[in-house]
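Asks: Provided below for reference: sequence and predicted model.
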Amino acid sequence: MSRALPPAPRREPKAIGFVGWGAGNDAVFRVLTELGAQACAEARVYSTDYDIAPPQKLHRLPTLEALFGECDLIFVDTPPDELEQLLPSMRLAISDRNVIAVVGPSLPMQAVKSHLQERKLIRCLITAVPGGGRATLAYYATPFVSSEELAAFRGLFVHLEHVLELQREEQFEVVRGLAGIAPAVLYTVADAMADGALMMGLPRADALPFLAAILLSAARTMREGGEHPAVLREKELEAEVAAAGLMELESAGMRGLLMRVVKMAIRRIAPAPSSE
């Protein structure tokens, strides 16, 4: 069962390295820089190509051997086919001190382990927005990563909104699906409710910030209070206005629809195996 962990003591690896530079590594670097991670001041990067231009402040290294020799924690963000080509070179460069964090969608961990064998591997997903502190992190670590190394890894992200340790790699795609669909669903709900308010006489320009504040307050209550959403909903249903509105949603099959939305989003990432 996946579990949210309490903030870890903030300890940092001696140096941070990056292989490739796509949206994932860009988000990691931006969040760590905004949170003031000292190890990012001396971060290194290696890649033969970039999806996004890395910051000029990064020290560029010409070889993987140099990167792995200077850095303890290395974030890898490359397309799966490029990572597959890099794995033999990584196998020659890696040592027991290196922890490899594969960022975002990439090769399954088993494919990486087939080349790197019993090495310290983490697969992670970071969802970042401007400001950094509101980002979230989900990760799955192989058993070869020590508790101290995991504490150092989590410590880099201690100020994020949420850090989630996954117990199975299969859960990684579920988290990717939730992260991909949840904001769009909430924005759609807010937009539709603002249209309803407009229909009843309140301008959208007034309704939208008001709704945003209510949703933010509700999210904080769910996050900080520790109560199940169903319990919180029941409390709201003590008001007749909430009961009348929710009746319309339930009659339209809202719960089943949202469950199918999540299911389809996850299947888009990881299609169900064929029955043939």
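Replies: Received it, and whenever you're ready, just let me know what you need. Numbering: from 1, shown residues only.
Asks: need the contact partners of the lengthiest strand in the chain.
Replies: In terms of residue count, the longest strand belonging to the chain (DSSP state E) is strand 120-127. By Cβ atoms under 8 Å, 6 or more residues apart in numbering, the list of residues contacting strand 120-127 from outside reads 24, 27-28, 31, 96, 98-104, 106, 109, 112-113, 135-142, 144-146, 149, 153, 157, 169, 172, 175-176, 179. For every residue, glycine as well, the C-beta is placed using N, CA and C.
Asks: quick one, which of those residues are buried?
Replies: Of all those considered here, the ones buried according to neighbour count by 16 or more other Cβ atoms under 10 Å are 24, 27-28, 31, 98-104, 106, 109, 112, 135-142, 145, 149, 153, 157, 172, 175-176.
Asks: residue ranges in this protein under the pLDDT threshold?
Replies: Applying pLDDT under 70 to the chain flags the ranges 1-14, 35-39, 41, 48-51, 128-134, 270-276.
Asks: helices of that one, start to end?
Replies: The residue ranges that make up the helices of the chain, judged by DSSP state H, are 23-34, 64-70, 80-93, 109-116, 147-156, 171-199, 204-225, 229-236, 240-251, 254-269.
Asks: please identify the most buried of these.
Replies: Highest mean neighbour count of these: helix 23-34, a mean of 21 (counted as mean count of other Cβ atoms under 10 Å).
Asks: which ones are touching the closest residue to residue 115 other than its chain neighbours?
Replies: Taking Cβ to Cβ, 6 or more residues apart in numbering as the measure, residue 115 lies nearest to residue 87, with 3.9 Å between them; neighbours along the chain are not counted. Neighbour list for residue 87: 112, 115-116 [criterion: Cβ under 8 Å, 6+ apart].
Asks: now flag whichever of these is closest to residue 203.
Replies: For residue 203, the nearest member of the contacts of residue 87 is residue 112. The distance, counting by Cβ to Cβ, is 52.8 Å.
Asks: so what's the residue count around the closest residue to that closest one other than its chain neighbours?
Replies: Taking Cβ to Cβ, 6+ apart, and ignoring the residues beside it in sequence, residue 112 has residue 121 as its nearest neighbour in space, at 6.1 Å. Residues near residue 121, counting by other Cβ atoms under 10 Å, number 21.
Asks: now find how far off-centre stretch 100-116 is within its chain.
Replies: Centroid displacement of stretch 100-116 relative to its chain, using Cα atoms, centre = their mean, to the nearest Å, is 16 Å.
Asks: output it as PDB, nothing but the C-alphas.
Replies: Output for stretch 100-116, consisting of C-alpha atoms alone and laid out as PDB, is shown next (Å, rounded to 0.1, in the frame of the first residue of the first chain):
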ATOM      1  CA  ILE A 100      20.400   6.900 -10.100                       C
ATOM      2  CA  ALA A 101      17.000   8.600 -10.200                       C
ATOM      3  CA  VAL A 102      15.200   8.000 -13.400                       C
ATOM      4  CA  VAL A 103      12.800  10.900 -13.900                       C
ATOM      5  CA  GLY A 104       9.300  10.700 -15.400                       C
ATOM      6  CA  PRO A 105       8.300   8.300 -18.200                       C
ATOM      7  CA  SER A 106      11.100   6.100 -19.200                       C
ATOM      8  CA  LEU A 107      12.200   2.400 -19.400                       C
ATOM      9  CA  PRO A 108      10.700   0.100 -16.700                       C
ATOM     10  CA  MET A 109      13.000  -0.400 -13.800                       C
ATOM     11  CA  GLN A 110      13.500  -4.000 -14.700                       C
ATOM     12  CA  ALA A 111      15.000  -3.000 -18.100                       C
ATOM     13  CA  VAL A 112      17.400  -0.600 -16.300                       C
ATOM     14  CA  LYS A 113      18.300  -3.300 -13.700                       C
ATOM     15  CA  SER A 114      19.100  -5.800 -16.500                       C
ATOM     16  CA  HIS A 115      22.000  -3.600 -17.400                       C
ATOM     17  CA  LEU A 116      23.000  -2.000 -14.100                       C
END
